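> fold the following, please.
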Amino acid sequence: MNLGTSESSSSAAPAETYPVALVTGAGSGIGRAVALALLAAGYRVGLLGRRLETLEQTASLAGGGGQSCLLLVADVTQPAEVAAAFERLGQHWGRLDLLFNNAGVSAAALPIDELSFEQWRAVLDVNVSGAFLCAQAAVRMMKQQQPRGGRIINNGSISAHAPRPNSAPYTASKHAITGLTKSLSLDGRAFDIACGQIDIGNALTEMALPMTRGVPQAHGAVAVEATMDVAHVASAVLYMASLPLSANVQSLTVMATTMPFVGRG
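Alright, predicted model coming up:
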């Protein structure tokens, strides 16, 4: 495992002068957009992902903000790697104020009887076990640090409310995220830890590109769907993160206005 940092010690500000965030899946898509927005808002940000080169690309896009990045190469499905990444973040900045639990994957859109167990398990390992491991590590830090507490924002999905055809692994994983979010909200109260969930619909990332070419609908037809700029997701996460710990957005849905969600099916 390779853990690196793009921040020079000579330019680091005192830890108490800025909030610290960690974004998983920060090398692309929604994770990258949120990480860049947090950096622009004055956060120090741990960029966590499996590939150093994509994390470096995110840091380079931050411009001067790249000086405020800590690059953490880790696989969220591996407990030892997650623990080492959070330990590195704690050693570097001394605390954690925000975890954006974003890393996620999907499986091929196949009927459930054609899915292999390995395809099912790969999605659950990243989307559920990975989110659990990162939340667990964050809670441990937030309970012990002074001042105590922090915020966890889990990346859910509109699939947590209405599935697409042939999406059993992904949809099941996002229902699990909703349960994890509610449990963390309850269990974190005594320790000043807030937890909310953002459910996102058709943000234009690589994962959503098929929407612009046409995707299967509930009644069997294939249709092009509306998408939105991923910057709107980043703005929504920033709003959730901006609240004091005495207030919490428990659940927020941000979506392309005319996508087929309300009324789907």
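
> list the contacts of residue 233.
Shown here is residue 233, whose contacts under the criterion CB atoms under 8 Å, 6 or more residues apart in numbering are 30, 33-34, 198, 200, 203, 254. C-beta: built from backbone N, CA, C; applies to glycine.

> so what's the closest residue to it other than its chain neighbours bridging to?
Once its chain neighbours are removed from consideration, residue 233 has its nearest residue in residue 203; the separation is 4.9 Å (CB to CB, 6 or more residues apart in numbering). With DSSP bridges as the criterion, residue 203 is bridged to residue 228.

> wait, what's in contact with residue 203?
The contact partners of residue 203, taken as CB under 8 Å, 6+ apart, are 29-30, 227-230, 232-233, 254, 256.

> ok, now residue 57?
With CB under 8 Å, 6+ apart as the criterion, the residues that contact residue 57 are residue 27.

> so residue 43 sits right up against residue 98, yeah?
Yes - look at residue 43 against residue 98 with CB atoms under 8 Å: they come within range, at 7.3 Å.

> the helix or strand harbouring residue 183: how far from the chain's middle?
Assignment of secondary structure by DSSP states H and E places residue 183 within helix 168-188. On the basis of CA atoms, centre = their mean, to the nearest Å, helix 168-188 is displaced by 13 Å from the centre of the chain it belongs to.

> just stretch 33-49 next, same as before
Going by CA atoms, centre = their mean, where stretch 33-49 is centred and where its chain is centred differ by 12 Å.

> what about the helices in this structure?
For the chain, helices defined by DSSP state H occupy the ranges 29-40, 52-61, 79-93, 117-124, 131-144, 168-188, 230-242.

> flag every buried residue along the fourth one.
If I follow you right, that is helix 117-124. Along helix 117-124, these residues count as buried under the neighbour rule (16 or more other CB atoms under 10 Å): 120, 122-124.

> okay, and the common contacts of residue 43 and residue 98?
With contacts taken as CB under 8 Å, 6+ apart, the residues that reach both residue 43 and residue 98 are 19-21.

> nearest to residue 92, of these?
residue 20 (8.9 Å; CB to CB).

> give me the number of residues near the closest one?
Neighbour count for residue 20, taken as other CB atoms under 10 Å: 24.

> and residue 185, by the same measure?
For residue 185, the tally of surrounding residues (other CB under 10 Å) stands at 18.

> just checking, it touches residue 250?
Yes - assessed by CB under 8 Å, residue 185 is found in contact with residue 250 at 6.6 Å.

> any shared contact partners between those two?
Between them, residue 185 and residue 250 share the neighbouring residues residue 196, with contact defined by CB under 8 Å, 6+ apart.

> leaving aside the residues adjacent along the chain, what's closest to residue 108?
Excluding its sequence neighbours, the residue lying closest to residue 108 (CB to CB, 6+ apart) is residue 119, at 6.7 Å.

> which residues touch that neighbour?
107-108, 110, 169.

> and of those residues, the nearest to residue 131?
The shortest gap between residue 131 and any of the contacts of residue 119 belongs to residue 169, at 14.4 Å (CB to CB).

> and the closest one, how far from residue 260?
Computed as CB to CB, to the nearest Å, the residue 169 to residue 260 distance reads 21 Å.

> more neighbours: these two, which one.
Neighbour totals were compared for residue 169 and residue 260, and residue 169 leads with 22 against 18 (other CB under 10 Å).

> residue ranges with poor pLDDT in the stretch 1-150 of the chain?
Judged by pLDDT under 70, the stretch 1-150 of the chain has its weakly predicted residues at 1-16.

> rerun that using 80 as the cut-off
Within the stretch 1-150 of the chain, the stretches with pLDDT under 80 are 1-17, 64-67.

> so residue 107 touches residue 170, yeah?
Yes - under the criterion of CB under 8 Å, residue 107 makes contact with residue 170 at 6.4 Å.
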